[in-house]
Structures are given as structure tokens and as C-alpha cells.
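1. Sharing a sequence plus its predicted fold:
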Protein chains: 4
Amino acid sequence: MGGNTFGKLFSVTTFGESHGVALGCIVDGCPPGMELSEADIQPELDRRRPGSSRFVTQRREPDTVRILSGVYQGRTTGTPIALMIENRDQRSKDYSNIADVFRPGHGDYTYFMKYGIRDPRGGGRSSARLTAATVGAAAIAKKWLRNRYGTEIRGCLSQLGDTVIPFGAWKFTSGNPFFAATDDANLLAGLEEKLDALRKAGDSIGAKVELVASGVPAGLGNPLFEKLDAEIAAAMMGINAVRGIEIGDGFASVAQKGSEHGDEITPDGFLSNHAGGVLGGISTGQDIRVAIAVKPTPSIRLPRRSIDSKGQPVTVETTGRHDPCVGIRAVPVAEAMLALVLMDAVLQHRAQCADVVLPVSPVAGDLPQSGPDR
Amino acid sequence: MGGNTFGKLFSVTTFGESHGVALGCIVDGCPPGMELSEADIQPELDRRRPGSSRFVTQRREPDTVRILSGVYQGRTTGTPIALMIENRDQRSKDYSNIADVFRPGHGDYTYFMKYGIRDPRGGGRSSARLTAATVGAAAIAKKWLRNRYGTEIRGCLSQLGDTVIPFGAWKFTSGNPFFAATDDANLLAGLEEKLDALRKAGDSIGAKVELVASGVPAGLGNPLFEKLDAEIAAAMMGINAVRGIEIGDGFASVAQKGSEHGDEITPDGFLSNHAGGVLGGISTGQDIRVAIAVKPTPSIRLPRRSIDSKGQPVTVETTGRHDPCVGIRAVPVAEAMLALVLMDAVLQHRAQCADVVLPVSPVAGDLPQSGPDR
Amino acid sequence: MGGNTFGKLFSVTTFGESHGVALGCIVDGCPPGMELSEADIQPELDRRRPGSSRFVTQRREPDTVRILSGVYQGRTTGTPIALMIENRDQRSKDYSNIADVFRPGHGDYTYFMKYGIRDPRGGGRSSARLTAATVGAAAIAKKWLRNRYGTEIRGCLSQLGDTVIPFGAWKFTSGNPFFAATDDANLLAGLEEKLDALRKAGDSIGAKVELVASGVPAGLGNPLFEKLDAEIAAAMMGINAVRGIEIGDGFASVAQKGSEHGDEITPDGFLSNHAGGVLGGISTGQDIRVAIAVKPTPSIRLPRRSIDSKGQPVTVETTGRHDPCVGIRAVPVAEAMLALVLMDAVLQHRAQCADVVLPVSPVAGDLPQSGPDR
Amino acid sequence: MGGNTFGKLFSVTTFGESHGVALGCIVDGCPPGMELSEADIQPELDRRRPGSSRFVTQRREPDTVRILSGVYQGRTTGTPIALMIENRDQRSKDYSNIADVFRPGHGDYTYFMKYGIRDPRGGGRSSARLTAATVGAAAIAKKWLRNRYGTEIRGCLSQLGDTVIPFGAWKFTSGNPFFAATDDANLLAGLEEKLDALRKAGDSIGAKVELVASGVPAGLGNPLFEKLDAEIAAAMMGINAVRGIEIGDGFASVAQKGSEHGDEITPDGFLSNHAGGVLGGISTGQDIRVAIAVKPTPSIRLPRRSIDSKGQPVTVETTGRHDPCVGIRAVPVAEAMLALVLMDAVLQHRAQCADVVLPVSPVAGDLPQSGPDR
């Protein structure tokens, strides 16, 4: 335990701090025989790495991933796959002036209260930099899910501050845009202007990210506690700065009636997807729809009141390299977490239900009728 | 695995179906030496049981809990505590007419797709009735947390359909109201009228539930994946019908700036609580603030289109005993899940950090300075 | 946690004390669709229950098992299966005279040191009576393994005190003999005489139990820590009174040479089975061979020195109903534990490797060539 | 899952293959604030590394360990500690001639049957080389246990083939002897002669290793399945080549009577330790006594019959660099596994029982009377 492992059967155990020697992870439980090389993983890391535009932190990290084990002659062997990313631009400057100060809105205070000690260099273990290891691990899951089921997981920025980015303007970030709305030049210009203004003011802004997973087999998840949506909720809320999570209609469900929300079914499939692809904690075979709220980063230049570890009042002005909107880089991270949840759910499902053969597929077309692990 | 256990160190494994012989759970890992009897558990079950007002299902279940093990001479022994609740009013009627039909918005279809078989009697394992076992187990956690830290966990209905129940009107459901707003006679009358109209129309409505946990020690949670807020999100999303979850400001954070959201700290404590009591995945010692969206129950009298297990179209009209707003009875269940998360986090924390002694308490007054498991 | 759950994917969580209201377990993760009723479970319980001959404890318990959940219309549904066995002959006598005394060789002292409190009635949770729940759960695993792979797990008493029971005399206890050697009248008479003498003397004796599992698919287990033999070792050492465990040649391997021990392979199969069916932590497809050492029960009539919970010296004479050789009833329990290990290993295996299709079966005859979970 | 993680609360997840780029592990759950550097870990690795005498494999590996994370300014921070050891002498020779052959007595065949693919270079993941990561992780546990409780864990070779090394001749391998019996020149000469003869003959031999852990607090372990001795058994059987495990009197218990085996207690302590320091699955506070049987390595020069992956017969002569008696290097590995079990048990214990305060210490002298996590 210790809170650094994700997944029960496709499990990812991570290590590293923002300014340590290296960060990485061990992926255990990967099915054997899949073609895998660094070339499958690096593109996902590139989508999330810093320094890629003026709207994300200017830290220069190539984030070059190395596979240390678990692959032989280009194929996974079923043994643990270790991934390592060395830190390059960690700037081993003198941290003594901030080592003793709790930055407001950060984990500094809570880490100190838990452990009685913390690594102050760049936020230590609480830095969003650690998501690199997760994104690397999830690239393996994404590939396997795509090969096996045609699953695609795509996210986009759907709101930046109070600017909603309408669905028509989304461009899913499977390429590498810094955000999604590249089809609408006016909207894009407005967003850039907004971010520039924030950067100048030394402030930051929140964002909403939406995700869609298509090609998800029906039947994934569990009845009571480890429901598929519960696992997704945990995965999303575990991403740095996330404060809210919705599946399907989410909070809009509060004002809906049952006659409006409940998705009717016909022999040709579901007529709607208010549920977001999960009913009773188990996938329906429809798209999984997820939205998350990402808070504004607390690392801002404006002065903030805080205390030091002796309880004395201090003023904090964070002058380092930071994202004005951490929501932008949260997109590939959220996709990664969703991939890890689905991968684990598939392995869990076939452990218990590999023998289940449905007598007939009730909904035409979209469901495999039988087979070892539908 | 199988998805029926919650918690790693204070773990609750449940069993039962809506219309089976009995339901219950095994609580493993409970600290020894605590006074415990059925009288500690029954009141929590009574808050959640059906038949208590005309706005909840009219099924008549006394929900009488029995402790089968783990208690000797009125004290917990540290060995597993088994709780059992017999089903009385299960109406073993003929289910053959619905056994083959997938009710829209229910888990019928997904259970079938997962297992190739399902128990159709009253929803089987997917019924909200199963939350009784969880509520029973959580009563033990609530008592322990209250004894040890003075922790109080209180929930209320803060919105019913589009009617927001203002904070001033909340009455926390630590008594046994069917919902929270008993102080405002006009509001209450309006809500009752609304529910009566829904019942007559054969429809249902969504709701929002809010929770506050006070007296939570700082330092609970984990850095990366098993963050305290991630565990809370999983717990909440695992409750039947929940579609959204917020910690602290939740989705309101999207439109906030960093200078507004980040909670400043002074020697006298935090100046605000936008974070909802969790920073970096670890508790701050402030109140934990949680909100959940509960969808309208899909069990409605109005006719709905669906299919049977052969893929043939059918019309479903659910005429059984059902809640017009499942959000009402979700209140004690949500409190229960939050209690289980906190209990587990405390045990996890002291496993790793029992020896941590802080040199000084940085925030005056609200933190124990040292001790085995602050 | 708390130590009362066995298995990761086919998991058995147990509850109960020797003289409590009831004991039982929850089996989670059972594959759906298998025919199951109490009639599948009761015979295994009958093999292990007390009172069946004059050589086991005279406590009268019918050990009638009831399935409380997880089965619908005679088939498993994939949801938790709860088993309950009520205690009948618990003799709620006054335990105050022994409540404060640590019986030598028992867990009394260690439970007290761990929990600061213990249930003294009949040994509480440390009683061998608790193995009933395990045996019940394992009956489900045994049935599934037999149906799916033709797996048979059989144990016998191979040594009682210093009397070795030669292999030719074994009768596997799949019937219900109180021990194995019923084919050899002289041997049997000698063993009965020995046990009678011990009973008269108020003493007890150790035993060795051997197990063979046939029809175990190759490929079960894991590389490093959760090796199949490691899981078997944990399962066996977890049985009350077990002090040693061997796989294959066990301690005889110490004096062997590599040229003697290493099992050669031919196209027709392995030429020997010194390894006991496990190499590198993974099953070979040969018989799994296990032996365990069961210590003499410490519950004897002869006076023993001990202390009470105040540290004062006392003399203990255990006059209750006890087995002169607990090894006899350990046979079905050991079989049960082995079944649980194999069941869990199968589910683990197909989670990760359900897609593996071998190009060709290297050893003729004994291996399925392909398929979802060979 | 995947079988590469050991421990629940002090958990060690390992990666690597014999001839891969590197091997290592992530230690999660380590208590914060302990002084730690590579200098604490390297000596344990040096005891186990190859090339240290002519009786172990001549592979030249410095086994230099690097801490990649989890330590700040020389102290553990409570976040994951990653250890990495680069492989140097991996001889990337052409393995094509053996890639397709199953070496008798090795995991080659079983890995192939499980995964359908295997890394043949030096045995891949099944190589004893992988124990280096475990030994490194356990050095952290050993230091913590020593600091906190004065726990010492010492192992020695007590039998080599049929030569028993009498207790008086043991020298515990806390220094770095290749085996234990350095005090008795005649015995040593005999053992060396024996090993030389085996090496010349191209054969190998089994061994017995015994361990003693002193300074273990009473109260560690669990009641039913995760008993302390069960966890020890799993840990030991998981070491490469181990075929048997005993706690306390082990298989000698079979021929003992209850009046002989049961350890009597007096106010001054236990009068004997037949139980080996564990009763009812929980530690007594006495020395933990463990013995393991290590089979002769199957890597021998003598020709052996086997098959290739097409099922064709082949003759295998293993000419690589190998240990004539793997039992020698098993000593530090066994100590390491025991340390990991005890460390995890301590953390588990204080999670549940940190508040237990015994009214009085029943056995004079050897037990702390109260405190957070005895």
C-alpha cells in the first residue's frame, strides 16, 4: 500500500519526484505476446510533456521513456514492464527559502502533516510531473484495448474558465493541440487572449475536460463497490487539481425526471445515453462519457498569505515555471486514467466470466455473441 | 475480488440480494476493545429503511440487524464482525414475466451481458436495498471515529429536482427526517407537493445530496492514486444512482481563478475551504465537503420501450413499490460511505506514520502535536 | 485486511468463533452459471465435522450449511455466495475460570498480546472449528475445477506419530474414513490401539498429511512472489497446528544431487516428478504433491504450567472434548485449502493470459493446445 | 497483480530479467523520517552477489544499487523508494540455440505454457538473479526493524547434501562467509572438498538453511489466513529452488506428543520454543525459527533429456556459469524475505491495534507493556 499503485490486475506502481533523479513505473499483469516498443509510448508522453507551447510550463524536459524489462524481441513477455524517464531540467537550485513554507492550495501543508517531512523541490511527489509515468503505462493499455476491441479514448478541453467550448468546435486531442478548439479561429483567438492576460496578471484559471471512450465491450465492471463508474471516479479524482467528476449526464441528472433520464432500448440499440455507458456499475457497450472539473493551479505570481512550518505568517509569490491552466495538460492524463480503468476491468471480467457464452446477442450488431472474454 | 469488498484495512465484504433469504456483511480489521452492540447499529439502519414515509418505497422491512461474531462481552475482539439482516417482505411472487425483460435505466441488461444470468427478483444484487449492509458496517466506523477524534459526518438533501434547498433550511439528517428542510414550512410544503405530483404521474426526480465531515484529522490520504478525495469519489459513485461527485467547490472551480480558489493560511488556520478539506490527496484538518448528484430512479409507472433477452421489443411499466426520489434515502448511505473511507484512511495512516511526531503544530489549536496516530 | 480473507479473485472471507452464534463465509468472484446447492457442500463438511468417530472431538455439531445468497434457480449468479453454519452444541457454560488463563501451545497468549482482549469460549476465533467455513467454500471450488478440468484433490494421513502408513495402505479420504489406512487391517488395528492409549493417557500426537492434485492445467502460478507453490505453502501453514510444508520431494531434496532431482522431459511427458508439479512457481501439468506436518494438539488432560493474564503461575488441565490427533480431521481441510489456491490461480491465469494460444502442445497428450484459458 | 509484488503495507514490486538492462524494485509504504542511503543497502547486496567465491556463479556483477526516489536529504519521505541495479555482465550472446529448448528442472517449460513466450537469456525472470531486488528492499526493512525493536534476523547453512553442520559450528552470515561453518576447520575443509568434487563432476547439491529472528514483538500476525507463519511460508517457498519450509520443530512435530511439544509458560517466560515463535498465527515474542530445503540447482553440465518447443527430443548440457549449491547464496535471500514479512506484519498490526494498551505485561521483562504499536 502507500497509495502509489493503480489497478488490481493490470497494476501500475509509480515512483519519483518532480526534481529527483528519475521517475517511472512498473506495469504488472500485462497480457503476453503484444508487440511493444518505446515508439508506442513516446507519443503519449509527448502530448503531456512541458514546454510544448507558451501556455504550459516552460520547463524543458524531453520526457524520453525507456523500457527496462518485460519485453523480449519486441513482444511483451507477461512479466513486469518497467518504464523510466530521467529528469533533466530539474534545476537543483537552493530550495532552502521555500523548504519551510506551505504554498497555499498545494499539498505542502498536508504532506508535512502526514509524514512530518517533505521534499520541497518542485512539489516533490505532489507535482503534476508524476503523471508522466501514468501516461506511459496507459499507452500500453490503450494499445492493447485498441488491438483487442477497437477501443478509442479521446478527451478535449470543453470549458476554460467561463468560456464554454461548444461540441462542434472540439477537436479531440489525439493529435497534439494544446487544446481542442482548433477548428474555430475566433474561439481559439479568444482563448489565447484569455490565457495571455492571465499569464500577465500572474493568475491562473480552471477548466473542464470531457472524455469519450468508444468501443468498450458491454459487461465490464462489478456490482457493488468496484463498479466501473466508481473506479473511473477514483481514477479521475486522483488526477492533480481535479475537484469534480461526472458520468453521463452528471449533475444535470438532479433536475431530470425518470421518464427523461432512463435510456430506452430497442432491438437496434439504446435510444439515448444519459447514463454515460454504465448501468448498475457495469458497462452497457455504449460510449463511456466522463467530465471532470480541474481547479486553477495554485502556483501563481500574486502574493498569497501562508505560514511556515513553525506556524509563523509568510507571504508566498510563486515565481517558477507554471501552467496558467493545468486543465490543458490534464487531457492526456485523463485519457490515460480512463484507459487504465478499462484495461483492469477487462482483465477482471475475464477472470470471473471468461466462460460466459450468451445464448444470443440481445442488441443487434454491437455485441459479440460469445467467446472467451467478450 | 468480484467487487463486493470496500476498504483495505477496515474492509467490508457484503452479500445478499433484494429478495434473497438475508443480506449482510463481514467487517474485518476493526480495532479491538470498542464497546459495540446492535443498539449502535440499528438507528443508522432505521434512517435508511423503507416504509418510513409516503415518499419512499412502501416495502415493509424492519431491517433488524444481528451481530453474529467479533464481539465478546460487549466489546469488539479484533476478529471479523458479521452483520445479518433477514429479508421479510420479499414477496416471492412469480417473476417469470419480468425475468426476461431488461428494465430501462437499470442494471438488468448489463448484469445479463456480464454474467449471462441474473436474479430478477426486485433487482437482485443491483437493488438499493443492498446499501443496508453498508450502512450497518459504517455505523461501527462512525462510532469509532467519533470516540477517537470527535468526527461527525452529516448529510442533507440540498436540491430536489430544480428546487434548491438553501443552506439555512438544512437540517442535517442526524435525526430521522425524510429529508432535510424541516425548518422552512413553505419549502417543505412545496417539496411534498412536488413529490405527490410525481407519484401521481408515475414519474420520479433527481436530487443533490451534500455532506460535511468535521473533526477529521489532518494527514489522512495518500499521494498518488489512493488519494483521500479519490477514495471518496469511488465511494460516492458506487452508491446506486449517483452520476456526479464534487469535493469542495467542485465544478464551480472551472470558472474560478487561482487567486480566488487557493485557500490562504494564517497562524489561526485556513481562511477559506474551496478545496473541501483535501489538498494533494491528503486531509487538511478542515471540514471535508462533498456533493453528489443522484439520478431519478428508472423504476417508474410510465411505459418505457425496451427489449427482452431474445432481443424482442417490449414495453415496461414498473408497478412495484418504489421511491419517487431515491436521493432522499441516499443521505444516510452517502454518510456511511464517507465514514468507511475515513476509517480506512485512519488505519492506513497509522500503519505507515504511527511514529511521526511533528516538531510543532503549525496551525494553532486545531492539531494534535504528536502522538501515535494523530 | 485483518487476515480473514483468502484468495484474490476467488476470495473467501470468513467469520465466526467456536462458541458464537454462527460461523460462515462470503465467497466472491465465483464464475456464474454453475449448478450449486447445499447438497454440493454438505458432504465436504460432513467429512470434517466433529463427533464422527471416537478418535475426534465428541462435540455434537450437525454442521448444516445454508446458502444465503449468490444462487438463483440452482445456478451461481456471479454475485457473492454467503454460507452460514449455526453453532448448536456450544455449551454456554461459565468460562470465567479459564478466561484469564493462557493455555500452553494455544493462541490464547498471542491473541491477548495482539488485541488486549480475547474470546475464551472454546478458543474463540483460533479454534479449528473455523475451518468448517473454509471447507464449505472450497467445495464450490472443487466442483468448478472438476467440471472444468477434471481436477481431483485427494489427501490422506501418511504418518501418525512415528508410524508411517505406507503408500500401498492409503485410501484417499474421498469417502469418509477417519483416516486413510483402511485396507490394511493390522495397520489399522495398530493405529487405533495407539490412539486409544493416547486418549487414556490424556495426551495427543502429531501427524503427517499428504495431498495429490491431479488434472491441474499447466501454466498456473506467477513468476516471483505469488508463485503457485508459495501460495500453497501459505494456505497449508495457515491451517491450525501445521508446522511444516513440502512440495514434491521437499526436505529430501537437501541430500539430492541435481542429476537426481531435475525431472527430465520426453515427448511423452516428464520422466519423474521430484518437483511436485511446480517449476519456477508455475504448474507443469503433472500432479501437485504436497505434504504437511501437523503438530500434536496442545489440548491435553495432563497438567501443564502456564500463567494468567496478570502474570501469575497456574496449572492447566484441559478437560474439554478434543481430538487426540488433529491431523485426522486436517485431511479435508488441507484438500480444501489446495482447492482454493488452484481455483484462484486459474482465475488469475485467465485474467492475464486468456488469449494465449500455444503454437503446438510440446508434450503429447497431456496438454490442451489452445483455447481461452487452457 | 501478476505476482511481482510482496507485502501489503510495506510492499515491494520488482522488475527485471537476468540479462535485461537493469533490475530493481519500488518499495511503497516505508515509514517516513528514517535515515537511508545506498550505504545501508549495498552490504546486503554484496552478501548475495555472484562471483564472491569459487563456490558460486562466476558471473561478474558489481550489483551496485542506486536509490532513485523516496529519500530527501538522507531521510525517507514516505513516498515510494525505487532501487535500481544495472546488469553489466549479461553477455548478450546468441541465445537462439537454447531459446527453443526447455531445460529440465527449470521454469522454461512452465513459462512457455503460461505465457506462450519467454525470455531465454539466462533464465529471464525466473533467474535467481532477481533476488537482488528483494535483498535490496529488505535491507530497508531490516534497518527499520533493528532501529525500532532491536530485531535481528540471521541465517546460516545448516546442511549441505547429507552433511549436517552442527549448531556449534554455525557462524551466522552477518559477515560475508560463503557458508556458515567457519569455526570448524575440518568441517569446512570437508565441505569445500565436497563442492569441488561436485563442480568437477558437473553436478550440484541441495542444502538446508536455518534462520532465527530475535527481538520480534509479540502480537504480530493475523488469526485465520494471513497468519504470521503462513506469510513466512509463502515468502520462503517463493525463493528460487525452495521445496520445503518448517517453523519451529517442523516435521519433527509429527512424532511428538502434546505433552512434549506444547511450550509451557512461567512468569519468567516460555520454557521452550517448539512452536518457533508463533502460536495461533501470531508471534509470541520468542525467537522466530525457520528452516528451508533448497533443491540442487538443475543447471548442471551432465547431459539431461528434454524437448524443444515443438515437442522434439533434445539433450541439454548447461555449460554456463552456475552455483554448485544455490543454497549458499539463498542465506541472505531467506533473511531478506523474513525481514519483509516481519516489517509488513508490524505495519498491519499497528493499523488495527495501535491503541491497544495492555493492562500489565504478563511475562516479565520481554514485553513492552503499552504504547502505540508494540
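-> Looks like it came in fine.
2. Please count neighbours and contacts with C-alpha atoms only from this point.
-> Fine.
3. For chain A, give me the ranges with low pLDDT.
-> Chain A contains residues with pLDDT under 70 at A:1, A:50-58, A:90-94, A:96, A:168-183, A:320-321, A:359-374.
4. So for it, the centremost residue is which one?
-> Central residue of chain A (Cα atoms, centre = their mean): A:Ala334, 2.2 Å from the mean position.
5. could you pull out the strands for the stretch 51-200 of chain A?
-> All strands of the stretch 51-200 of chain A, identified by DSSP state E, counting those that start in this stretch, fall at A:65-67, A:71-72, A:75-76, A:81-86, A:152-160, A:163-164.
6. out of the ones you listed, nearest to chain B?
-> Nearest of the strands of the stretch 51-200 of chain A to chain B, taken as Cα to the nearest Cα: strand A:152-160 at 7.0 Å.
7. Distance of A:Lys266 relative to B:Thr315?
-> If you look again at residue A:266, you'll see it is Thr, not Lys. 10 Å (Cα to Cα, to the nearest Å).
8. Overlap of the contact sets of those two?
-> Common neighbours of A:Thr266 and B:Thr315 (criterion: Cα atoms under 8 Å, 6 or more residues apart in numbering or on different chains): B:305-307.
9. ok, of those residues, which come out buried?
-> Buried members of these, scored by 16 or more other Cα atoms under 10 Å in any protein chain shown, are B:305-307.
10. Name the nearest of these relative to B:Leu145.
-> B:Ser306 (45.9 Å; Cα to Cα).
11. Contact residues of chain A facing chain C?
-> Residues of chain A lying close to chain C (Cα under 8 Å from any Cα of the partner chain) are A:9, A:29-33, A:78-79, A:223, A:347-356, A:372-373.
12. Verify the stated contact: A:Gly33 with D:Arg118.
-> No: judged on Cα atoms under 8 Å, A:Gly33 makes no contact with D:Arg118 at a distance of 9.4 Å.
13. Which neighbours do those two have in common?
-> Shared contacts of A:Gly33 and D:Arg118 (Cα under 8 Å, 6+ apart): A:Thr77.
14. and these two? which has more neighbours close in?
-> In terms of neighbours (other Cα atoms under 10 Å in any protein chain shown), D:Arg118 is the more surrounded of A:Gly33 and D:Arg118; the figures are 31 against 21.
15. For the closest residue to chain C within the stretch 151-300 of chain A, list the residues it contacts.
-> Closest residue of the stretch 151-300 of chain A to chain C, Cα to the nearest Cα: A:Pro223 (7.6 Å). Shown in contact with A:Pro223 (Cα under 8 Å, 6+ apart): A:280-282, B:2-4, B:125-126, C:79.
16. Okay, and it sits in which element?
-> Assigned by DSSP states H and E, A:Pro223 belongs to no helix or strand.
17. how far away is it from chain D?
-> Going from A:Pro223 to chain D by Cα to the nearest Cα, to the nearest Å gives 21 Å.
18. Need the three-state assignment for the nearest residue to A:Pro313 once chain neighbours are set aside.
-> Leaving aside its sequence neighbours, A:Pro313 sits nearest to A:Ile307 (Cα to Cα, 6 or more residues apart in numbering or on different chains; 4.3 Å). At A:Ile307 the chain is in strand, as set by DSSP: H, G, I helix; E, B strand; the rest coil.
19. Quick one: residues contacting A:Ile307.
-> A:101-102, A:313-315, B:265-267, B:362.
20. Tell me the most packed of these, by neighbour count.
-> Busiest of the contacts of A:Ile307 [other Cα under 10 Å] is A:Phe102, holding 27 neighbours.
21. ok, now how distant is that one from B:Gly285?
-> From A:Phe102 to B:Gly285 the distance is 15 Å (Cα to Cα).
22. From A:Asn97, how far out is the residue nearest to A:Pro313?
-> For A:Ile307, the distance to A:Asn97 (Cα to Cα) stands at 13 Å.
23. now swap in A:Glu35 and tell me
-> Separation of A:Glu35 from A:Asn97 (Cα to Cα) stands at 48 Å.
24. The two - which one has more neighbours?
-> Under the criterion of other Cα under 10 Å, the comparison of A:Glu35 against A:Asn97 puts A:Glu35 first, with 16 against 8.
25. Give me the nearest residue to the more buried one, chain neighbours excluded.
-> Nearest non-adjacent residue to A:Glu35 (Cα to Cα, 6+ apart): A:Arg75, at 4.3 Å.
26. For that neighbour, give me its contacts.
-> Applying Cα under 8 Å, 6+ apart, we find A:Arg75 in contact with A:32-36.
27. Output the residues you listed in JSON lines; the columns should cover secondary structure and distance to D:Ala233.
-> Below are the contacts of A:Arg75 laid out as JSON lines (DSSP: H, G, I helix; E, B strand; the rest coil; distance: Cα to Cα, whole Å):
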{"residue": "A:Pro32", "secondary structure": "coil", "distance to D:Ala233": "29"}
{"residue": "A:Gly33", "secondary structure": "coil", "distance to D:Ala233": "32"}
{"residue": "A:Met34", "secondary structure": "coil", "distance to D:Ala233": "35"}
{"residue": "A:Glu35", "secondary structure": "strand", "distance to D:Ala233": "37"}
{"residue": "A:Leu36", "secondary structure": "coil", "distance to D:Ala233": "36"}
